[in-house]
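Undergrad: need a 3D model of the following:
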Amino acid sequence: MPVFRIAHAADDRLADYRDLTDVALRRALEPAGGLYIAESAKVIARAMAAGHRPRSVLVQEKWLDEVSGLVGDAPILVVDDEVAEQLTGYPVHRGALAAMHRPAQRAMADLLADARLVLILEDIVDHTNVGAAFRAAAGLGADAVLISPRCADPLYRRSVRVSMGTVFQVPWTRMPVWHEARSILTDAGMHVAAMALTDDAVDVDVFAADRPERVALMMGSEGDGLSRRALSGADSVVTIPMAGGVDSLNVASAAAIALWALRPPRRTR
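TA: Purely as a prediction, here's the structure:
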């Protein structure tokens with residue numbers, strides 16, 4: 001476990017952690033570079049427990065003992081508070097940041113092989129909503145999460161933080177384009193239930209009372225909802241009955257309610 005004390009933010013060894021507040025930059029670089037940033041010792045530990053490997057860890061001196069036993073042989077880069085803020089663009093209060101190697105994406109068919117309840121996120125662009133949806137999926141018994149090609153990154157540090165690390169717990173993968181993904185869902189015997197406001201939508205409690213054995217619950221983007229191609233490819237359209245003149249909920253809240261309604265019988269995990 002090599003430890004390097006670094007005095008200047010311009011040091012090349014710190015490149016993975018530079019300008020973390022630039023969301024567009026991180027989204028462009030992390031997938032292409034095979035990295036994501038894990039923030040805090042707790043999140044790093046959960047990532048390690050899921051089999052993810054750190055390339056390096058950035059830490060301030062006061063947090064060194066807390067992370068030194070977590071990260072195996074990965075180099076630990078120690079900086080003072082001022083350098084940490086210069087480097088990342090914000091005060092680092094959570095103890096440590098780790099540049100983690102991204103695991104290989106799993107095949108969609110493999111994730112569906114034994115699944116009974118799956119959450120699909122189509123084009124959700126807010127990292128907070130993605131993280132909250134993953135937390136709901138983990139807590140309410142979803143077997144997997146599938147995300148569309150344009151969905152926000154579940155491994156972006158805000159998604160990870162909001163999910164409380166459950167993005168490492170729930171199996172997930174990016175789907176191919178919709179017509180290919182729909183074919184895989186059909187081959188796996190999944191009933192695709194789209195959450196949407198349409199004239200023929202069925203209340204979620206009515207749908208849950210006679211739910212198919214294997215369900216893929218599909219949620220759309222924050223503004224426009226599900227795309228036309230997704231809606232046209234659904235087996236059912238499901239909605240949450242609302243009151244008070246409110247027509248819909250935040251996408252993560254709606255996912256939580258629908259997952260709870262459709263939860264499979266308890267089983268040994």
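Undergrad: can I see the domain layout of the chain?
TA: Segmentation of the chain into domains, based on automatic domain parsing, reads 3-101, 108-262.
Undergrad: what's the most buried one of those domains?
TA: Mean neighbour count (mean count of other C-beta atoms under 10 Å) peaks for domain 108-262 among those, with a mean of 18. C-beta: built from backbone N, CA, C; applies to glycine.
Undergrad: ok, of the domains of the chain, where does mean pLDDT dip lowest?
TA: Note on the domains of the chain: lowest mean pLDDT is at domain 3-101, with a mean of 82.
Undergrad: quick one: that domain to chain centroid distance?
TA: Centroid separation for domain 3-101 versus its chain: 19 Å, with C-alpha atoms, centre = their mean, to the nearest Å.
Undergrad: next up, phi/psi of M195, please.
TA: phi -90, psi 110 (degrees, to the nearest 10).
Undergrad: again, but for F4
TA: Dihedral pair for F4: phi -120, psi 120, per degrees, to the nearest 10.
Undergrad: surely it touches D12?
TA: No - F4 is not in contact with D12 according to C-beta atoms under 8 Å; the separation is 11.7 Å.
Undergrad: so what sits against both of the two?
TA: With contacts defined as C-beta atoms under 8 Å, 6 or more residues apart in numbering, no residue is shared by F4 and D12.
Undergrad: in this structure, which residue is closest to the centre?
TA: Centroid check for the chain by C-alpha atoms, centre = their mean gives P154 as the closest residue, at 2.8 Å.
Undergrad: how about it, secondary structure?
TA: coil (DSSP: H, G, I helix; E, B strand; the rest coil).
Undergrad: and the nearest residue to it once chain neighbours are set aside, what does it touch?
TA: Nearest non-adjacent residue to P154, counting by C-beta to C-beta, 6 or more residues apart in numbering: V167, 4.6 Å away. With contact set as C-beta under 8 Å, 6+ apart, V167 has these partners: 131, 134, 154-155, 159-160.
Undergrad: repeat the analysis, applying 6 Å as the threshold.
TA: For V167, the contacting residues are 134, 154, 160, by C-beta atoms under 6 Å, 6 or more residues apart in numbering.
Undergrad: would you map the helices across this structure?
TA: In the chain, the segments counted as helices under DSSP state H are 23-33, 41-49, 64-68, 81-88, 108-112, 127-139, 157-162, 178-187, 204-209, 228-232, 251-262.
Undergrad: okay, the ones you listed in JSON lines with distance to G95 next?
TA: Below are the helices of the chain laid out as JSON lines (distance: least, C-beta to C-beta, whole Å):
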{"stretch": "helix 23-33", "distance to G95": "20"}
{"stretch": "helix 41-49", "distance to G95": "5"}
{"stretch": "helix 64-68", "distance to G95": "6"}
{"stretch": "helix 81-88", "distance to G95": "11"}
{"stretch": "helix 108-112", "distance to G95": "32"}
{"stretch": "helix 127-139", "distance to G95": "19"}
{"stretch": "helix 157-162", "distance to G95": "13"}
{"stretch": "helix 178-187", "distance to G95": "39"}
{"stretch": "helix 204-209", "distance to G95": "40"}
{"stretch": "helix 228-232", "distance to G95": "40"}
{"stretch": "helix 251-262", "distance to G95": "26"}
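Undergrad: so for Y17, which of these sits nearest?
TA: Within these, the stretch nearest Y17 is helix 81-88; the backing value is 5.5 Å (C-beta to C-beta).
Undergrad: which elements pack onto that closest one?
TA: Using 3 or more C-beta pairs under 6 Å, 6 or more residues apart in numbering; DSSP states H and E, no helix or strand is in contact with helix 81-88.
Undergrad: just to revisit the earlier point, present the contacts of V167 as a markdown table; the columns should include distance to V251.
TA: Formatted as a markdown table, those follow (distance: C-beta to C-beta, whole Å):
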| residue | distance to V251 |
| --- | --- |
| F134 | 12 |
| P154 | 14 |
| V160 | 18 |
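Undergrad: closest to V125 out of those?
TA: Nearest to V125, judged by C-beta to C-beta, of the contacts of V167 is P154 at 12.6 Å.
Undergrad: coming back round to it: nearest to A216, of the helices of the chain?
TA: Comparing the helices of the chain against A216 with C-beta to C-beta, the closest turns out to be helix 178-187 (5.7 Å).
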